[in-house]
Structure formats: structure tokens, C-alpha cells
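Here is a sequence with its predicted model. Questions after.
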Amino acid sequence: MKAIVIGSGIVGSNTCLSLLNKGYSVELWDVGHIENIKNFNNENFLNIKKDFSISSKSLLGDENLHFPEPYQQKLFELPPLRNFILKENEINNLFGELNNFEIFQSYNKGGLANGWGANVLPYNYSDINDWGIDFLSFNKSQNKIFNKIPISKVSDDINSTFGVMNFGTETEIPNDFRDNYLMTNYDQNIGYFRNNRIALGKARLAIKNSASEDSCNLTARCLWGCPNNAIYNPNYSTLKECENFKNFTYFSNRKVHSFEIRGNKIYKINISKDKEIEAISVDAKIYLSAGAIQSGIIFLNTLHKNNIDPNKITMGLMDTKKVKIVYIMPRMIGKKLNLTSIQFNRLIAGLEENFLNQNKYIHLELLNLTSLFFQPIINSIPLPLKLSKKIFYYLISSLGVCTYFLPDNIEKNNKIIYDIKSGKFYINYIESSEKLNLQKQLNKRIKNLLFKLGAIPIKILNYKSGAAIHYAGTIPMGVNDNYAVDSSGKVKFLQNLFITDSSAFPNLPSKPVSINAASFADYVVEKN
């Protein structure tokens, strides 16, 4: 049995491993660029900055890159050295009008997982009860994936309040004094939180933390490239495991453009090569795992290549809108920071809110600032630079950010559109009025939550649609004939094409997507 998997990210790599474990001969087709991050030592983030030559190389690399100008700097920006995301000109070569929808894409081996924020939380039955899938089988796949990937095992009020399943094998990432301050206030106001269906707990993170040599050593360099590769990345784990199988082959420089159909079967795969299209004959099951945007583009190209009217097929585009609320904890002002930490959030929260006549779980991440790119904040203080810097570092221990994500649904006009004349793709996406009303409700509710935790909200940061990078629903599952994908992930009109990534999701919960998409991939493999 032969299978071809398109895409090497979290979903594609786990699709490969599931197929290999079932005895398939597997080819992984990928563009396959490699990000070469040089980690010069294992020192803490703040200590490494003391050596200018090393810190500049860690930030900019050996190339002649310019340090971002003040007006270009962003607090949560990846350092210029990190080059796994497509540059603006590469995005413009692929897309025409984005209509204010922010797109992040990668052609690297491992995909966007090269810079993953590592947050995970399993979908419950209540999150996806209208997907039409066999949830017991999906739950088995979740159990397999969550216990295969290094994920912190946590049991707290998130589990008990919302029935979140307790997966994972790794030790929890330790809290620091600010996390403990918030947790203490949570415990002291537990009656309020339980009455309002709110729970606070530790972050479930895909970070190795088992006291082995490659475990997290809390250097707070997560965004800059973990020196131990402790943050889950398919390159260092799943793909390495795949390479142990003799019947696994990795092909780089195979950027899939479209499929050619004969009867009800794909018999050729077209790849883009030097602005030309090269057709490769195939006889295999094909698993599309390139990520919702790229999978949607490949599927659209396939429809046009084979004269299939895309208007007769339900397609979509979803993303969990991202909102940040900056807060200050007065009692933490002037406290000395613990330099042994991580850059990612160590706390999460969950709450229920009514959305479209359903109680939806809303996912929150609480990040207490440790070692980000702080120059944008310092520049925003309307005082001389030296004084602004002094004030900021006096306040840093008290500052934090609560990020929350809005669920999304398929909307008729929200989708990717192919323009025949230009050969480019256009994004149609408008946030629904229901979703924006939900955001207003949540802003008020989360501000009250922060007050009860001893934090004062000071600013709301609204992000463009697409900024959360939780793309989904470009080829959604559905029962009706106008839906191209069935509840097992199989494309209905083709014998040998299966969608294993979030492209097939018919709606999008607030929780992190990647790990649940990998679980869905295993579910599709097991069902087919």
C-alpha cells in the first residue's frame, strides 16, 4: 500500500507516522526549506545580551540585516534571524487582495511549527458535536497524539470545570512569583469564578520537560530558537521517527500545485518548478496536509485544472480572532525578575460564553512579561529614552498580557477565491456582527476577571483577522452534496484523496488548533 502526504508540518508529519504504523509505504512531498538557527550557548536570554557579538548574531544572524527601525518594531515580533515565514514579496506573488486578512505561511520543513507557541488543549465533544465525526474514534486519536508528543500533563480546575481530558506525559512548566500571585487571588475568589464558569490553571505546553539533556532549561529564549530544541518541532521528533522506517521517503523541492483527475481518481500530481508545471504520475492514496490555506489553494487549483465549478462546492475560511488585553499588577511593581523562565505563557484560563445560542468555551492565555522584544514599549513612553528605559524596567515585573481567541463559523462569503486573469488568489473575509458582539461581551467580562486576579486592565490590542494563525475550513466536511469532504476526511468525488488538516473543520473552536488537527489526521488515517 502506497501513500503520498503533502506537507511536513505538525499535521503532515503525524499523518506520515500514522500511515507508517499501519504498514504503508509513505512518500512525504514538501517544499522543504531549512531554517538554520545557530545557538551559540545555553545561557539565559538576559545574560546572552551582555555579549554584543553573540546577541547580535542571535538576533540578526551573520548576514547584513538591519535592526528594525523604531516605527517597525513590534512587541511580539520574531527576531529578524527567524526566516521560516514567507516574506511579504513571496505572499504578494501568491495573493492579490488580502482585504485586511493577515496571512502567515511557511515553505520550511516542519512548516509553521518552526516557531510554534506550543499551547495545546484537546477538543471536547461539546466543542465539535456538530462535526458529524465518530467522537470515540477521534478521542482515541487524541489520546495517541497527546501522549506521543511531549505535552505537560496537568490536572486542575480547567479539567474539572469544563471536562477537559487529562492527556500528556511531561512535567508541568514551573510557575514564577507572578503566576503564583494570580493563582493565589484566584483561590481567594474561587466562589466568584465558579459562579461565573471561569477557571484558571497551568498552560498545557508541547515542551519537553522530563529532566533529560534535551529538556527545557528555562533560558527564556523560546522565540529566538530554543537552544535545546525542547519545544515540539516535527523536525526533531516526528519526522526523525518517520525516518526510522525503511518504507519512508522524503522529497523536498516538490511544491504541489494541483491534482489531475481521470474518472474518480487522481492520477497525476502537478508541482511548481521554476515557474513551470511538472506533472508526476502517481498510483497511491493522497493525504492533503499542507495547512488550511495551502491545502485550500491546491484544492482550488485542482478544481480549475479539471473544469469543476468551485461555486457548486461549499468552501470557506475561518480563523480564531485574537485580542490582547494588557494589564498591570500593582503589587508586583519593582519586584526582581526571575531570569530562569520561558518566554511563553505559563497560565491559561477558560470561560463559557453564549455565541449563536450555544455555550462556547473561550480560551485565554496569560503571559507575564519576561524576555520579549521590549523596545516598542520603551519607545512608546513619551519621555527621554534613558528615563523611559529606567521606568519600563521598574514596571516590567508588574506587566502582563491576556490573549483570548474567538471561535469562528463558516460564513458564505468568507473564502479564498482564484482569479483566472491574474492567476492569484484573493481573500474574502469579514468578521460577522455576531462575532464582534461576542468580542464586546468578552472584553467586559475578562476585564472583571483580571480585576479579581489583582490585575488592572490598561489597554486592549485588536489584531487583524488572520493574525491568530488558526486557519481552518477551506474545504469543510459536511453531509450535503455541496460539501466536498465526508466525516472521515475523504473527498467524496475522488477515491484516493483525503484531507487531514484543519481545512476540513466545519467550524472552529476557540482552543489551540494544531494539536487537534494532528489528532484529526490520525483519525482520518484510521478511518480510511
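Thanks, I have it. Residues are numbered from 1 along each chain as shown.

Could you list the low-confidence segments of the stretch 301-450 of the chain?
Low-confidence segments of the stretch 301-450 of the chain (pLDDT under 70): 372-373, 375-376.

The stretch 401-528 of the chain: strands as residue ranges?
For the stretch 401-528 of the chain, the strands defined by DSSP state E, counting those that start in this stretch occupy 408-409, 415-419, 424-428, 456-462, 497-499, 507-508.

looking only at pLDDT, what's the mean for the last one?
With pLDDT averaged residue by residue, strand 507-508 scores 96.

Return the distance of that strand from the chain's centre.
14 Å (CA atoms, centre = their mean, to the nearest Å).

So which other helices or strands are in contact with it?
strand 408-409 (3 or more CB pairs under 8 Å, 6 or more residues apart in numbering; DSSP states H and E). The C-beta positions use only the backbone N, C-alpha and C, and glycine is treated the same way.

Packed most tightly, which of the strands of the stretch 401-528 of the chain would that be?
Burial of the strands of the stretch 401-528 of the chain is given as mean neighbour count (mean count of other CB atoms under 10 Å); strand 497-499 ranks first at a mean of 26.

Could you check how far that one is from the centre of its chain?
21 Å.

try stretch 265-282
For stretch 265-282, the distance to the chain centre is 29 Å (CA atoms, centre = their mean).

Tell me the buried residues in that stretch?
266, 269-271, 282 (16 or more other CB atoms under 10 Å).

Throw these into TSV and include secondary structure, pLDDT and distance to residue 335, thanks.
As requested, these are exported to TSV (DSSP: H, G, I helix; E, B strand; the rest coil; pLDDT from 0 to 100; distance: CB to CB, whole Å):
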residue	secondary structure	pLDDT	distance to residue 335
266	strand	98	60
269	strand	98	57
270	strand	97	59
271	strand	97	55
282	coil	97	60
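
which of these sit farthest apart?
The most widely separated members of the buried residues of stretch 265-282, counting by CB to CB, are 266 and 271 (13.3 Å).

quick one, helices of the stretch 151-300 of the chain?
Here the stretch 151-300 of the chain has its helices, by DSSP state H, counting those that start in this stretch, at 157-162, 177-188, 190-195, 238-243, 292-305.

Extract the CA atoms of the first one and return them as CSV.
Output of helix 157-162 as CSV, limited to C-alpha atoms (Å, rounded to 0.1, in the frame of the first residue of the first chain):
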residue,chain,number,x,y,z
ASP,A,157,-9.8,23.4,37.6
ILE,A,158,-9.6,23.6,33.8
ASN,A,159,-10.2,19.8,33.8
SER,A,160,-12.8,19.7,36.5
THR,A,161,-14.9,22.8,35.4
PHE,A,162,-15.0,22.1,31.7
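
Please renumber the chain so that the first residue is 469 from this point on.
From this message on, residue numbering opens at 469, which makes the last subject helix 625-630.

now for that helix, which elements pack on it?
For helix 625-630, the elements it packs on are strand 666-670, strand 815-823, judged by 3+ CB pairs under 8 Å, 6+ apart.

quick one: it to chain centroid distance?
With CA atoms, centre = their mean, you get 23 Å for helix 625-630.

Would you mind pulling the contact partners of stretch 977-984?
The contact list for stretch 977-984 (CB atoms under 8 Å, 6 or more residues apart in numbering) reads 478-479, 581, 584, 587-591, 595-596, 610, 613-614, 617, 619, 674, 788, 828-831, 872-875, 938-940, 970.

In helices only, show me these.
Under the assignment DSSP state H, the contacts of stretch 977-984 contribute 478-479, 595-596, 610, 613-614 to helices.

Kindly indicate which of those lies nearest residue 496.
residue 479 (11.8 Å).

so what's that closest one up against?
Applying CB under 8 Å, 6+ apart, the residues near residue 479 are 757, 759, 968-970, 982, 985-986, 988-989.

For PyMOL, what selects the buried ones among those?
Buried subset of the contacts of residue 479, written as a PyMOL selection, criterion 16+ other CB under 10 Å:
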select buried, resi 757+759+968+969+970+982+985+986+988+989
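
what's the closest of the contacts of residue 479 to residue 669?
For the contacts of residue 479, the nearest to residue 669 is residue 982 (19.8 Å; CB to CB).

Give me the nearest residue to residue 626, chain neighbours excluded.
Excluding its sequence neighbours, the residue lying closest to residue 626 (CB to CB, 6 or more residues apart in numbering) is residue 669, at 4.0 Å.

likewise residue 704?
Nearest to residue 704 is residue 697, by CB to CB, 6+ apart, at 4.7 Å.

In this structure that neighbour contacts residue 682, no?
Yes - at 6.2 Å, residue 697 and residue 682 qualify as touching, with contact defined as CB atoms under 8 Å.

shared neighbours of the two, anything?
By CB under 8 Å, 6+ apart, no residue touches both residue 697 and residue 682.

Just the buried residues of the helix ranked longest in the chain, please?
Longest helix of the chain, by residue count under DSSP H: helix 901-920. Within helix 901-920, the residues that count as buried by 16+ other CB under 10 Å are 903, 906-907, 910, 914-915, 917-918, 920.

residues in contact with it?
653-654, 657, 660-661, 664, 666, 789, 791, 793, 795, 817, 819, 821, 823-824, 830, 832, 870, 872, 874, 876, 924-925, 928.

mind redoing it with 6 Å?
Contact partners of helix 901-920, identified using CB atoms under 6 Å, 6 or more residues apart in numbering, comprise 657, 660, 666, 793, 795, 823-824, 874, 925.

Contacts only, for residue 688.
513, 809, 811, 838-839.

do the same with residue 945
Contacts of residue 945 (CB under 6 Å, 6+ apart): 953, 955, 972, 974.

any idea of the pLDDT on residue 529?
On pLDDT, residue 529 comes in at 59.

ugh, wrong one, I meant residue 600
At residue 600, pLDDT is 95.

burial of it, as a residue count?
Residue 600 is flanked by 15 other residues according to other CB atoms under 10 Å.

That one contacts residue 956, correct?
No - Residue 600 is beyond contact range of residue 956, at 9.9 Å (criterion: CB atoms under 6 Å).

For the residue lying farthest from the centre of the chain, give me its contacts.
Here the chain reaches farthest from its C-alpha mean at residue 852, the gap being 38.0 Å by CA atoms, centre = their mean. By CB under 6 Å, 6+ apart, residue 852 lies in contact with nothing.

same question, residue 619
588, 636, 638, 674.

try it again with 7 Å
Residues counted as contacts of residue 619 (CB atoms under 7 Å, 6 or more residues apart in numbering) are 588, 635-638, 672, 674.

With residue 577 instead?
So residue 577 contacts 476, 498, 500-502, 703 (CB under 7 Å, 6+ apart).

Return the subset of the contacts of residue 619 lying in strands.
With DSSP state E as the criterion, strands contain none of the contacts of residue 619.

List only buried entries from these.
588, 635-636, 638, 672, 674.

Pairing partners for residue 834 in the sheet, please.
Applying DSSP bridges to residue 834 gives these bridge partners: residue 815, residue 870.

mind checking how far it is from residue 970?
Per CB to CB, to the nearest Å, residue 834 is found 25 Å from residue 970.

Please apply the same query to residue 794.
29 Å.

Then residue 785?
11 Å.

Could you export the helices and strands packed on helix 625-630 as a markdown table, including distance to residue 487 and mean neighbour count?
Converted to a markdown table, these look like this (distance: least, CB to CB, whole Å; neighbours: other CB atoms under 10 Å):
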| stretch | distance to residue 487 | mean neighbour count |
| --- | --- | --- |
| strand 666-670 | 34 | 23 |
| strand 815-823 | 32 | 20 |
